[in-house]
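Any chance you can model this:
(one chain, ligands or ions: 1)
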Amino acid sequence: MNSCTATYRLYDDKADFRKKAESISVGMTVGSWTELPQAKRESMQKHLGQVLQVDVHEPEGVQPGERYADVTIAYPNVNFSKDIPALLVTVFGKISMDGRIKLNRLGFSDDYLSAFPGPKFGISGIRDLLGVYDRPLLMSIFKSVIGLNMDELKDQFTKQALGGVDLIKDDEILFENEFTPIEKRVEVCLKAAEAASRETGKKLLYAANLTGHTSSLKSQAVKAIQAGANALLFNVLSYGYDVLHELSSDPEITVPIAAHPALAGAYYPSQHYGISASVLLGQLMRLAGADLVLFPSPYGSVTMPREENMAIRDELISSALPIKTSMPVPSAGIHPGLVPLILRDFGQDVVVNAGGGIHGHPMGTEAGGHAFVQAIEAAQQSIRLADYAEADHPELKAALEAWGGER
Ligand code: 1AE
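This next block holds a predicted model:
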C-alpha cells in the first residue's frame with residue numbers, strides 16, 4: 001500500500017456523503033481537480049486522494065442530527081513526510097474545522113511505518129526490566145508533592161515502594177522546580193528504591209516527569225538517566241507526538257517512556273468532533289514510541305465508555321503493527337475493588353495504576369500498596385475480593401470498606 005488511510009464519521013441530515021468524501025479527497029490533496037488543465041491533471045494524478053469507502057447510516061425514521069456516514073480516504077505517501085505532524089495535517093488539518101466530522105481511525109502504509117521504530121521496550125521489555133512475567137504490574141502515583149522538599153519526597157517514595165508496587169510515577173503536574181529538580185529526585189528516589197527492594201524483594205521503576213522547554217527535553221532526559229533514572233513520564237499531547245517520537249527513537253534515551261494523557265479530553269469526548277480516543281491514546285502513542293500509555297478507565301473517577309477503552313487497548317497490543325506493543329495503563333480513581341474488572345478487560349498485560357487509591361487507604365500509603373497486591377492475588381486466582389479480605393488480608397479488607405468491592 002503506498003497510501004495512508006483515514007476513516008472519518010461525518011454527520012449531516014441531508015448531504016450527499018459521496019460528494020462530500022470526494023471533496024475532502026481532492027481538497028486535502030491536490031486542492032482542485034475539475035479546474036485543472038489536462039496536462040496538470042496528469043502530473044497531479046499521483047497526489048490525488050482516493051475515496052475508498054462511504055457507508056451511510058440512515059435507518060428508516062432516522063432522527064434529525066443522527067444521520068451519518070463512515071468515510072475512508074487514502075492519501076498518497078508521496079504527499080507527506082514520514083512524521084506524525086505531516087500525517088495529521090494531511091488527513092485532518094483544515095477539515096477538522098469544517099462541520100461535524102471526527103477522525104476515527106488511521107491506516108499506516110509500510111513505507112510510512114518504516115520511519116517509526118516504535119517503543120524501545122514495550123510490554124516484554126518492561127517485564128524483562130522488572131523480572132515479572134506472570135501477573136499484572138502495579139504502579140503508584142506520587143500525590144500532593146508540589147512544594148515538598150527532598151526529604152518529604154523521599155518519605156513518600158519509600159512508603160509507596162514498601163507497599164510492594166512495581167512502578168512509581170511522578171504526578172504529571174510536578175514540573176522542574178528548585179526543591180526537587182529531576183536529577184536530584186532521581187538520585188534520592190532510586191537510592192530509596194534500592195533500600196525498599198531489600199525488604200520487598202521486588203525491582204522498581206521510577207518514571208520521573210520530563211518537563212521544560214521542548215529544546216531542553218533531551219538534555220534533561222540524559223541528565224536524569226546519568227543520575228540513574230530507569231523510566232520517564234512524558235505529557236505527550238502538550239508537546240506533540242513528534243517530540244515523543246524523537247525522544248523514544250533517540251539512542252541516548254535508554255529507558256522506557258510512560259505517556260500521560262493530559263489534554264486528551266480536549267480532543268476525543270465529542271461524538272461529532274475531534275479525534276477518537278483509540279487514535280489519540282492508542283495508535284499514535286504507540287507509533288510515537290510510548291512504552292506505557294495511561295488513559296482513563298471505564299470504571300474509575302474519570303470514565304470513558306468501555307467500547308472506546310477496549311479500542312485503545314486493542315491498538316496498543318495489536319500484532320498487526322511491526323513494532324513493539326505498548327503497556328495499557330487504565331487510570332484515574334482506581335482502587336483495589338476495581339482490580340477484578342481491570343483484569344477481566346485487560347488480562348494480565350496491564351498496569352494497575354493508582355494515586356488516591358493508594359495514599360487514601362485508611363491504614364496509610366504502604367497499606368494501600370499491600371491492598372492492591374492482595375486484590376491482584378485474589379483476582380488472579382478468581383477468588384472474590386471479600387473472601388480473600390476475610391482470609392487474613394486486613395489491608396484489602398479496609399480498602400473494600402472504604403471504596404467498595406467488585407460489582
Ligand atoms: C488518567 C491519568 C490519571 C493520573 O495521572 C492520576 O494522577 C490519577 O490519580 P488518581 O489515581 O485518580 O488519584
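
Remind me what the helix or strand harbouring L87 packs against, helices and strands.
L87 belongs to helix 84-92 when assigned by DSSP states H and E. In terms of contacts (3 or more Cβ pairs under 8 Å, 6 or more residues apart in numbering; DSSP states H and E), helix 84-92 is packed against strand 3-11, strand 68-76, strand 101-107, helix 241-248, helix 284-288. C-beta coordinates here come from the backbone N, C-alpha and C atoms, glycine included.

Which of these sits closest to the ligand?
Nearest of the helices and strands packed on helix 84-92 to the ligand, taken as Cβ to the nearest ligand atom: helix 284-288 at 12.7 Å.

which element follows the closest one toward the C-terminus?
Scanning forward in sequence from helix 284-288 by DSSP H and E, the next helix or strand is strand 292-296.

tell me the mean pLDDT for that next one?
Throughout strand 292-296, pLDDT has a mean value of 98.

Direction included, what does it pair up with?
Applying DSSP bridges, strand 292-296 is found paired with strand 257-260 (parallel), strand 327-331 (parallel).

domains for this structure, by residue range?
Listed domain ranges for the chain are 3-113, 122-403 (source: automatic domain parsing).

Run the chain-centre distance for the shortest one.
For domain 3-113, the distance between its averaged C-alpha position and the chain's averaged C-alpha position is 26 Å (Cα atoms, centre = their mean, to the nearest Å).

Likewise for the last one?
In terms of Cα atoms, centre = their mean, the centre of domain 122-403 is set 10 Å apart from its chain centre.

could the strands paired with strand 292-296 go into TSV alongside mean pLDDT and distance to A398?
Formatted as TSV, the strands paired with strand 292-296 follow (pLDDT from 0 to 100; distance: least, Cβ to Cβ, whole Å):
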stretch	mean pLDDT	distance to A398
strand 257-260	98	29
strand 327-331	97	22
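
between these, which gets nearest to the ligand?
strand 327-331 (3.7 Å).

Give me whichever of the helices and strands packed on helix 84-92 is most buried.
helix 284-288 (a mean of 27; mean count of other Cβ atoms under 10 Å).

helices or strands up against that helix?
Helices and strands touching helix 284-288, by 3+ Cβ pairs under 8 Å, 6+ apart, are helix 84-92, helix 241-248, helix 306-317.

Do a quick rundown of the strands in the stretch 51-200 of the chain.
68-76, 101-107, 137-141, 167-169 (DSSP state E, counting those that start in this stretch).

I'd like to know which elements the third one is packed against.
Spelled out, that is strand 137-141. helix 122-130, strand 167-169, strand 351-354, helix 365-380.

ditto for the first one
Under the contact criterion of 3+ Cβ pairs under 8 Å, 6+ apart, the helices and strands touching strand 68-76 comprise strand 3-11, helix 17-27, strand 50-57, helix 84-92.

Show me what the mean pLDDT comes to for the longest one.
Read that as helix 17-27. When pLDDT is averaged along helix 17-27, the result is 96.

Give me the buried positions along it.
Using 16 or more other Cβ atoms under 10 Å as the test for burial, helix 17-27 gives F17, K20, A21, E22, I24, S25, V26.

Likewise for the shortest one?
By neighbour count with 16+ other Cβ under 10 Å, strand 50-57 contains the buried residues Q50, V51, L52, V54.

Just name the closest of those residues to T365, please.
When the buried residues of strand 50-57 are ranked by distance to T365 (Cβ to Cβ), L52 comes first, at 52.7 Å.

The closest one and D70: what is the separation?
Separation of L52 from D70 (Cβ to Cβ, to the nearest Å): 11 Å.

Then G337?
For G337, the distance to D70 - Cβ to Cβ - is 38 Å.

re the thing from before, could the helices and strands packed on strand 68-76 go into a markdown table alongside distance to G240?
Supplementary listing: the helices and strands packed on strand 68-76 in a markdown table, determined by distance: least, Cβ to Cβ, whole Å:
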| stretch | distance to G240 |
| --- | --- |
| strand 3-11 | 18 |
| helix 17-27 | 24 |
| strand 50-57 | 28 |
| helix 84-92 | 7 |
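
quick one, which of the ones you listed is nearest to the ligand?
Closest to the ligand of these, according to Cβ to the nearest ligand atom: helix 84-92, at 21.4 Å.

The stretch 101-250 of the chain against the ligand: which residues are in contact?
Residues of the stretch 101-250 of the chain that fall close to the ligand, judged by Cβ under 6 Å from any ligand atom: I141, D171, E172.

Any idea what the residue of the stretch 1-150 of the chain found nearest the ligand is bridged to?
Residue nearest to the ligand within the stretch 1-150 of the chain: I141 (4.6 Å; Cβ to the nearest ligand atom). Taking DSSP bridges, one finds K169 as the beta-bridge partners of I141.
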